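*Asks:* Could you work out the structure for the sequence below:
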Amino acid sequence: MNAGSPANRVAALTPPGRGAIAVVAANGPAALAAVDAAFRAANGKPIAEQTLGRIVFGRWGGNGHGWLGTSAASPQSAATGGSAALRPQPPDSQDHATAGEEVVVCRRAVDEVEVHCHGGAAAVERVLGAFAAAGCAVQSWQQSLAQRQLGQIEADAAVALAAAPTLRTAAILLEQQQGALRRELSDCLTALESDAGDGDGDGDSKAAAERLAVLTQRAAVGLHLTQPWRVVIGGRANVGKSTLLNALLGYERAIVFDQPGTTRDVVSAHTAIDGWPVQFRDAAGLRDAGDEIEAAGVALAKQQLAAAEVVLWVLDASALGQRELADPLAAAQRDQAALEVALRSEQPVLVVLNKVDCLAAPPHVAGVAAVSARTGAGLDELTQALSARLTPLAPPTGAGVPFTARQAAALAAAVDLALSGRLADCRAEVERLLA
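*Replies:* Below you'll find the predicted structure:
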């Protein structure tokens, strides 16, 4: 990072790599001087005379010189950017046609400008270099956001928004950037202050805890707005787990072969279920291992199942008897016990009865998804059931949703403080979140 003055900053706001357009934002007196040194506006005016908010077309640099007639890379030229004696004059038509890169500049505030240039790395570096030479500190876009007129919640939401993998999660994060979480936290703080109205600071701790607990519950969704849920597909060998994975993804990610033990490693793939980001993991089929390599695959599969946030436990309907078909949930539990699969008591498990196309009359059992991964029958119902397991309480539109581990931990602490009657400490915890 360039060690320029904190009052003079520049950052590329668009991601690195190839792109049609890049946006570089800068602020401070040095930023205006850098623009005057490097930018030739088509209307012939220096940046200080451009109307706020107006888009101005022109050229950046050209033979290494800007409108002031000195090198754009020279700190000395940037320092003279405000001199009336060096007012830029429009170039002749030949210079205008050949010199410099076409850019658009917008003066967003008195000392804040944006440069919209070609999205390639070289063009962006050239623009950043001109600002750096004038004394601007080059920052990441995350640092730039944190130093703008944003609270920490909104700045964190802007960073998270750039990493949102689906439209649904992006919409929720956008609401947080626009103040949804701040509003609900402010309401909680108001309620805490009202509860303490008797002057002793005790107030109604139960009511305060309930308000905060609602937000805490939403963190289960919020923490997955940028990171996918881990869904592991488990079961005995050759029950159709890989075929099911391919069917859910819509393409062949896993090798499918009618022989037990084909999958020996964990195969993973990302997709979205009802707008929620999901990473599916197809674990090796569980059985008595025939060799060390297969034994390692089975051990890894058990580890993945134990760490899963949701488990799809697959049964082969064509291999089950009438007793098992009548109660697939019990059959799955017997499978897990026989195979020594240790699942957590609170771990969501969705039993999938696969290969129902081999049955004359597929059973309908509550809590069991009956599907044919080969034909696609029942997949819509399976994805709906999986979505309900992922987000049993999806936040309503406009709701405040904690989306960072720091926010979730602070809210959990605030709930504990409220329940213990320490409302003053609880208020302090919420105030820190609102800072």
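
*Asks:* all helices of the stretch 301-435 of the chain, in order?
*Replies:* Along the stretch 301-435 of the chain, the segments classed as helices by DSSP state H, counting those that start in this stretch run 322-326, 328-338, 379-390, 405-419, 423-434.

*Asks:* Save those as TSV, and put in distance to residue 107 and mean pLDDT too.
*Replies:* Just so you know, the C-beta spots here come from the backbone N, C-alpha and C atoms, and that holds for glycine as well. Shown next, in TSV, are the helices of the stretch 301-435 of the chain (distance: least, Cβ to Cβ, whole Å; pLDDT from 0 to 100):
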stretch	distance to residue 107	mean pLDDT
helix 322-326	72	92
helix 328-338	65	92
helix 379-390	46	95
helix 405-419	36	95
helix 423-434	33	94
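
*Asks:* Distance from stretch 376-385 to the middle of the chain?
*Replies:* Offset of stretch 376-385 from its chain centre (Cα atoms, centre = their mean, to the nearest Å): 26 Å.

*Asks:* Nearest to residue 18, out of the helices of the stretch 301-435 of the chain?
*Replies:* helix 405-419 (33.0 Å; Cβ to Cβ).

*Asks:* re earlier: present the helices of the stretch 301-435 of the chain as JSON lines; the columns should include mean neighbour count and distance to residue 370.
*Replies:* Shown next, in JSON lines, are these (neighbours: other Cβ atoms under 10 Å; distance: least, Cβ to Cβ, whole Å):
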{"stretch": "helix 322-326", "mean neighbour count": "13", "distance to residue 370": "10"}
{"stretch": "helix 328-338", "mean neighbour count": "16", "distance to residue 370": "8"}
{"stretch": "helix 379-390", "mean neighbour count": "17", "distance to residue 370": "8"}
{"stretch": "helix 405-419", "mean neighbour count": "19", "distance to residue 370": "36"}
{"stretch": "helix 423-434", "mean neighbour count": "18", "distance to residue 370": "45"}
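
*Asks:* With residue 230 as the reference, name the closest of those helices.
*Replies:* helix 379-390 (10.6 Å).

*Asks:* As TSV, the helices of the stretch 301-435 of the chain with distance to residue 150 would be great.
*Replies:* Shown next, in TSV, are those (distance: least, Cβ to Cβ, whole Å):
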stretch	distance to residue 150
helix 322-326	57
helix 328-338	48
helix 379-390	30
helix 405-419	15
helix 423-434	13
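
*Asks:* Quick one: closest of these to residue 36.
*Replies:* Closest among the helices of the stretch 301-435 of the chain, using Cβ to Cβ: helix 423-434, at 40.4 Å.

*Asks:* could you give the angle of the closest one to helix 405-419?
*Replies:* 160 degrees (axes from the mean of the first three to the mean of the last three Cα atoms, to 10 degrees).
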